[in-house]
Structure formats: structure tokens, C-alpha cells
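> Sequence first, predicted coordinates after that:
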Amino acid sequence: MQNTRNFSIVAHVDHGKSTLSDRFIQYCGGLNAREMVDQVLDTMTLERERGITIKSQNVTLNYRALNSQVYKLNLIDTPGHIDFSHEVSRSLAACEGILLLIDISKGIESQTLFHYHSAVNMNLKVIPVLNKVDLGCFNANNVVENIRNVFSSCVTEIIYCSGKTGLGIVDVLESLVHNVPCPQGDRLLPLQALIVDAWFDNYLGVTLLVCVKNGILRKDDTIQMMRSGYICSVDRVGIFTPKSVNLEKLDCGDIGWITCFIKDVAKIIVGDTITIANEPASHMLPNFKKIIPKVYAGFFPVCFQDYALLRCAIKKLSVNDFSLYFKSEYSTYLGYGYKCGFLGLLHMEVVQERLYREYNLNLIVTPPAVLYEILQKNYTIVYVDNPSNLPAKKDIIEFREPIVTCYILFSVKYIGKVIALCVYSRGVQIDIIYIGNQVKLIYDIPMSEIIVNFFNKLQVCTHGYVSFDYFFKCFRISDMEHVEIFICKKNVDVLGFIAHRDSSMIHKIRRYIHSLQSLIPRQQFDIVIQAIIGKRTIFSVTVKQFRKNVLEKCSGGDVSRKKKLLKKQKSGKKRMKVFGNFVLTKKFFFDVMNMHCYLNKK
């Protein structure tokens with residue numbers, strides 16, 4: 001244990017975490033030159049395509065230091081995007097220190113500060129590392145000064161390196177082994193192992209990534225999950241180097257994987273404590289903080305026969321993604337599906353893509369929505385994530401929408417456009433801080449405005465040079481309205497939405513209704529589309545019917561004959577409107593969801 005070091009590499013997105021991990025693996029001999037590839041720890045194809053880390057990955061390396069001692073380094077490469085911040089918090093629970101990576105050309109960004117405060121609150125050793133020094137930076141002195149000012153409580157030295165070229169890698173490793181403390185557990189105490197992560201394998205069942213805090217975890221041990229009470233036998237034990245290597249045991253302070261032939265994913269709780277069944281520990285390790293989803297969307301299978309597959313797939317995926325929330329839901333038009341909660345829009349897109357790639361599921365995804373707090377007349381509070389579940393308007397005293405505090409860091413030359421975007425999004429300025437030639441804006445903005453493509457609009461305003469982060473603040477009283485969409489006098493629940501009553505509400509409703517009108521094919525009778533608030537129709541359009549020129553065969557003759565033909569046609573159309581049945585197809589809902597994404601980009 002004296003020569004074991006558990007640490008994570010954390011940083012803002014695109015600051016070079018995965019590249020630095022590659023250099024560590026290469027230098028310590030985890031893979032040879034033939035086996036080495038870029039972003040070796042990004043094992044999912046989706047990660048490589050998007051160029052981001054989605055899942056934290058662990059690797060155990062042996063490093064021979066300059067003092068000739070061999071150190072066991074348990075490295076965890078973490079995501080940088082805010083939507084996967086819970087992956088980082090779980091990784092930190094298994095570590096004694098972090099490498100706080102900072103791109104020398106970009107400086108301190110929002111996620112950098114978030115990770116720093118998380119590490120300080122958990123009493124972890126923080127080592128600031130300036131990456132990408134091979135590119136050079138005219139603003140390097142200002143970046144170093146900002147680091148010393150912001151991280152003054154932890155900065156003893158700042159290490160310069162390049163994950164791409166390998167420059168300074170030895171300095172980083174030497175600082176790790178000399179500054180990060182070794183694990184503080186006791187191998188003679190009863191076993192206490194923290195479940196850091198889990199994933200499902202069709203052949204091995206659930207595989208658990210564990211950090212042994214006390215005791216020793218051996219192959220063939222009979223273990224118990226202290227929170228769920230589930231008892232099973234350890235079948236395999238091992239580590240990642242990054243190749244999977246089988247071992248006989250995991251010693252105190254080690255981070256590795258175990259399999260127990262667990263097929264029922266409901267028995268596994270990430271954050272649970274593992275102990276020996278016949279020699280249990282006296283108490284459990286601290287559990288992970290409960291996740292509160294920020295964005296909700298409905299997932300419905302295109303083919304209703306795939307509902308059972310969707311249920312199984314989401315349960316398996318939730319083992320690997322602890323921040324995914326789901327519950328069953330029924331829609332009149334889309335059938336049975338699941339209401340899912342996510343930490344952000346990117347998280348939602350990744351889950352949808354994984355369900356398609358890993359389980360071959362084609363899904364209809366409803367437009368994203370947020371959670372609203374409703375105070376009813378009986379003074380009870382309910383939380384609503386689906387507009388169709390709203391109480392009657394006469395029963396509502398207060399309608400409260402979620403407010404988030406946004407931290408926006410960008411170049412000072414874009415300040416006018418960014419402030420205009422924040423004001424348009426109903427934002428309230430909290431603070432403005434100038435840091436050299438950069439400015440940091442702090443705004444309180446309704447979350448419903450944030451999820452509607454706010455970040456993409458922010459990137460357009462700043463030409464991509466922006467750092468954006470947000471945190472939930474509170475629920476605030478707001479003037480909101482439930483807009484219901486009726487087609488042929490039938491309420492289509494999945495098309496309804498909640499809108500803020502402001503000067504642009506009517507314009508947004510009109511644009512939405514006209515877009516629906518363009519997606520519905522003409523029929524033999526008129527199709528009326530209405531937007532209704534309460535009992536009042538706000539806006540209405542009609543998809544005009546097909547009409548045949550019944551007077552074409554009348555080249556002449558009495559006018560009474562023409563009137564008779566027109567009357568007959570009119571009565572036929574009237575009867576068809578009564579008995580005709582217009583069915584909204586799955587293709588229509590596909591087009592609606594694509595249209596919704598297009599409207600949000602405007």
C-alpha cells in the first residue's frame with residue numbers, strides 16, 4: 001500500500017485528459033507500440049466519433065520512479081462535459097488525489113473550478129498541470145497567475161507538460177508518487193469495498209468496478225452487498241492494464257473489477273458497500289449523492305413489440321449509467337414507453353444513440369422538458385415532468401419553474417452578443433467579472449430556456465470560444481401556460497407543451513402550428529389544428545381537403561343542375577367528416593421530433 005497511488009485526471013472538456021492518459025500508458029509499458037492507439041481508454045465507438053469521454057475508465061500501471069522504487073498507479077480518466085459530472089464525482093470517491101489538467105491556451109474554465117472545489121471538499125491532493133505547452137501561448141504568464149490566485153490553497157508547484165509529445169510526463173509522474181498520499185485503509189480489518197461503477201455483459205452478467213478501502217477481496221469469497229443485502233460468490237477478480245488481467249485477489253487500496261454471475265441488474269446499486277458475508281464490516285461506506293435529473297424526455301419504441309426489449313435495455317444501461325432515471329409511461333398515440341431523466345441534452349443524445357447501437361432499438365423521442373413545481377389549493381406540492389399530468393388550472397396557486405445559475409466565460413469582444421442572448425432567454429444578471437481579456441458572466445436563467453439549444457446559440461455568438469456551465473438554484477414563481485394541441489378535436493398529448501406567457505408566446509405557438517400543418521397530408525375532409533390554453537383557442541389552422549371539380553362535365557345546361565351536384569358533393573364531404581378517421585402515423589411523430597429540433601436551432 002505504501003507504493004500505491006490512486007488518482008484521477010480531471011479537466012474541462014477538450015483539455016487533453018485522454019491524450020495524457022495515453023502517454024502514461026505508453027511510458028509505463030501498459031501497451032506495446034503495436035497495440036497503442038489514440039484515446040485507448042475511450043472504448044466506445046461513440047466516444048471516438050464525438051471526440052469526448054463519456055465513461056470514466058480505470059487502468060492500473062506500474063511506474064519505476066527515479067528513486068528506483070516501483071509504484072502501482074491506479075489511474076481513472078474522467079469525462080469533461082458537465083452532463084457527465086457524476087462520473088467524475090464517483091471517480092473521486094476512489095482516489096486520494098487528482099491531476100487538475102488545464103489547457104495553457106484556454107486557462108481556467110468552468111469545469112476546472114467545479115472539479116477543484118469537489119476535490120477540496122473531499123480532502124484530496126490537487127496537482128495543477130498545464131497541458132499543451134508544445135503549442136505555445138502568448139498568454140501563458142496570465143494563465144499561471146490566475147492559477148496561483150484561484151488555487152492558492154493547494155498550489156506548491158505547477159507542472160508543464162504536453163500529452164501529445166510526451167514532454168514533462170516524467171515530471172508529472174514524479175509529482176504524483178511524491179505528493180499524492182497512499183491509501184489509508186487497513187488490510188486486517190473486515191472487507192469494505194466501494195462499488196464505483198458497473199456494466200452488463202451477456203456472458204459474465206454484471207461486472208463491478210470496486211475500490212477496496214479495507215480488507216482483501218479474494219476470488220471465490222462469498223460477499224454481501226450491505227445496502228441491498230444480496231449475497232453471491234466472487235467468480236473472477238482482475239484489473240485493467242488497460243487489457244483485462246485476471247488475479248487471485250484485490251488487496252487493500254486496489255481498484256479492480258469482479259464478476260459474480262449476477263444476471264438480475266436490480267440487485268446492484270452503484271455506491272453500495274461490499275463485505276464478506278460471514279465476517280461483515282460494522283458499517284457501510286458513504287453512499288453517492290442522489291442524482292436529480294435536469295431534462296426529461298419520453299422514449300417510445302417505433303414497433304410496440306419492442307417495448308419488452310426497451311425495458312430490458314434501459315435497465316441494463318442504468319447499471320452502467322447511474323445518473324439515468326426512468327419510469328414507465330403510456331401515451332394515447334405512442335403507446336407504452338418510458339419517461340427518462342437526464343443530466344442534460346448531450347446525456348439524452350448519448351443514451352438514445354447507445355440504445356440504438358447496442359440494442360438495435362429505433363425510438364421516438366419526445367421533445368425535452370424540465371421539472372416544474374406546482375403549489376395546489378390544498379397547499380400540497382407536486383412535481384410535474386409531463387405537461388399532460390398538470391393539475392387543472394383552477395387547482396393551482398403557484399406555478400414554479402426551475403432556475404439555474406449559469407457561468408459563461410468568453411472573450412470580452414463578444415460581451416454585447418452574449419448579454420443580448422441571456423436577456424432574450426429571460427436571464428437576470430448576477431455578476432460580471434473581468435479576467436484579463438476574458439469576461440465571466442453569471443446569470444440566473446430559466447432551465448426551460450437553457451435546454452432549447454442555448455449552448456449552440458452561445459457558440460454562434462462567440463465563434464465557439466466559450467465555456468459554459470450551469471447549476472440548479474431554485475424553483476421560482478413564473479407565469480406559465482399549458483398549451484394543448486388538438487387535431488380534429490382530439491387532444492394529442494405528446495404535442496402539448498408548457499410556455500411562458502410573454503410577448504413572444506403567440507409567435508412561438510403560431511410557428512409551431514404552421515410547422516405541424518406542413519407535416520399533415522391533405523385528406524378528403526378538412527383537418528383542423530388548434531392550440532388551446534384552458535378553454536380558449538389561441539390559434540387555429542386548417543389543412544384543406546381535396547376537392548373534385550364536379551362541374552367539369554357540365555358544359556352547359558340549367559344552373560339548377562350545377563347547384564344539385566355541388567349540394568350532393570357538400571353532403572358527401574360532411575358525412576365523410578363525421579365518419580372519416582384520420583390516423584397520426586409513427587412517421588408523423590418522427591417528422592414532428594425532427595421539426596422540433598430544427599425550430600430550436602432558429
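Cool, got the structure.

> hey, let's count contacts and neighbours off CA atoms from now on
OK.

> Off-centre distance for the longest helix along the chain?
Once the chain is assigned using DSSP state H, the helix that runs over the most residues is helix 559-579. Taking the mean of its C-alpha atoms, helix 559-579 sits 56 Å from the chain's own mean (C-alpha atoms, centre = their mean, to the nearest Å).

> what's the answer for stretch 339-348, then?
5 Å.

> In this structure Ile231 contacts Met225, no?
Yes: under the criterion of C-alpha atoms under 8 Å, Ile231 makes contact with Met225 at 6.5 Å.

> Those two: which is more packed in?
The residue with more neighbours, out of Ile231 and Met225, is Met225; 23 against 17, by other C-alpha atoms under 10 Å.

> I'd say the more buried one and Leu208 touch.
No: contact criterion C-alpha under 8 Å: Met225 and Leu208 do not qualify, at 11.7 Å.

> what's the nearest residue to Pro79 if we skip its chain neighbours?
Nearest non-adjacent residue to Pro79, counting by C-alpha to C-alpha, 6 or more residues apart in numbering: Thr53, 4.7 Å away.

> The one you found: neighbouring residues, count only.
25.

> Go ahead and flag the most central residue of the protein.
His347 (2.3 Å; C-alpha atoms, centre = their mean).

> so that one, which of the three states?
helix (DSSP: H, G, I helix; E, B strand; the rest coil).

> any idea how far Lys289 is from the nearest residue to it once chain neighbours are set aside?
Nearest residue to His347 in three dimensions, chain neighbours excluded: Asp83, at 5.7 Å (C-alpha to C-alpha, 6+ apart). Between Asp83 and Lys289 the distance is 15 Å, computed by C-alpha to C-alpha, to the nearest Å.

> So between these two, which is more surrounded?
Asp83 (19 against 10).

> Provide a list of residues in contact with the more buried one.
By C-alpha atoms under 8 Å, 6 or more residues apart in numbering, Asp83 lies in contact with Leu343, Gly344, Leu345, Leu346, His347.

> and if we set it to 10 Å?
Residues in contact with Asp83 (C-alpha atoms under 10 Å, 6 or more residues apart in numbering) are Ile54, Lys294, Ser323, Phe342, Leu343, Gly344, Leu345, Leu346, His347, Met348, Asp469.

> and those residues as CSV, adding distance to Lys574 and pLDDT?
Output for the contacts of Asp83, formatted as CSV (distance: C-alpha to C-alpha, whole Å; pLDDT from 0 to 100):
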residue, distance to Lys574, pLDDT
Ile54, 57, 77
Lys294, 48, 79
Ser323, 53, 84
Phe342, 47, 87
Leu343, 50, 82
Gly344, 48, 79
Leu345, 46, 79
Leu346, 48, 81
His347, 49, 85
Met348, 45, 86
Asp469, 56, 74
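
> pLDDT below threshold where in the stretch 151-300 of the chain?
Scanning the stretch 151-300 of the chain for pLDDT under 70 picks out 152-156.

> Where do the strands of it begin and end?
Ranges of strands in the stretch 151-300 of the chain, per DSSP state E, counting those that start in this stretch, are 159-160, 192-201, 205-214, 217-218, 222-225, 231-233, 236-240, 244-247, 249-250, 255-259, 273-276, 295-301.

> out of the ones you listed, deepest packed?
For the strands of the stretch 151-300 of the chain, average neighbour numbers computed from mean count of other C-alpha atoms under 10 Å are highest in strand 273-276, which has a mean of 27.

> Name the surrounding residues that touch that strand.
With C-alpha under 10 Å, 6+ apart as the test, strand 273-276 has contacts from 190-196, 210-218, 221-233, 280-287.

> in stretch 23-34, what's buried?
Using 16 or more other C-alpha atoms under 10 Å as the test for burial, stretch 23-34 gives Arg23, Phe24, Ile25, Gln26, Tyr27, Cys28, Gly30, Leu31.

> Just put the strands of the stretch 151-300 of the chain in a markdown table and tack on distance to Arg501.
Below are those laid out as a markdown table (distance: least, C-alpha to C-alpha, whole Å):
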| stretch | distance to Arg501 |
| --- | --- |
| strand 159-160 | 52 |
| strand 192-201 | 44 |
| strand 205-214 | 48 |
| strand 217-218 | 59 |
| strand 222-225 | 50 |
| strand 231-233 | 55 |
| strand 236-240 | 54 |
| strand 244-247 | 56 |
| strand 249-250 | 59 |
| strand 255-259 | 53 |
| strand 273-276 | 49 |
| strand 295-301 | 21 |
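
> ok so, going back, what do Ile231 and Met225 both touch?
Common contact partners of Ile231 and Met225 (C-alpha under 10 Å, 6+ apart): Lys267, Ile274, Thr275, Ile276, Ala277.

> which residues touch the first one?
Contacts for Lys267 were tallied using C-alpha under 10 Å, 6+ apart; they are Val206, Met225, Arg227, Ser228, Gly229, Tyr230, Ile231, Val319.

> Closest one to Thr112 out of the residues you listed, please.
Relative to Thr112, the closest of the contacts of Lys267 is Val319; by C-alpha to C-alpha it sits at 27.5 Å.

> if I look at the closest one, how far off is Gly205?
For Val319, the distance to Gly205 - C-alpha to C-alpha - is 11 Å.

> Quick check: which ranges of the stretch 451-600 of the chain have low pLDDT?
Applying pLDDT under 70 to the stretch 451-600 of the chain flags the ranges 548, 550-552, 555-557, 573, 575-582, 586, 593-600.

> all strands for the stretch 451-600 of the chain, in order.
Remark: strands assigned in the stretch 451-600 of the chain by DSSP E, counting those that start in this stretch are 466-477, 480-487, 490-491, 497-500, 527-533, 536-543.
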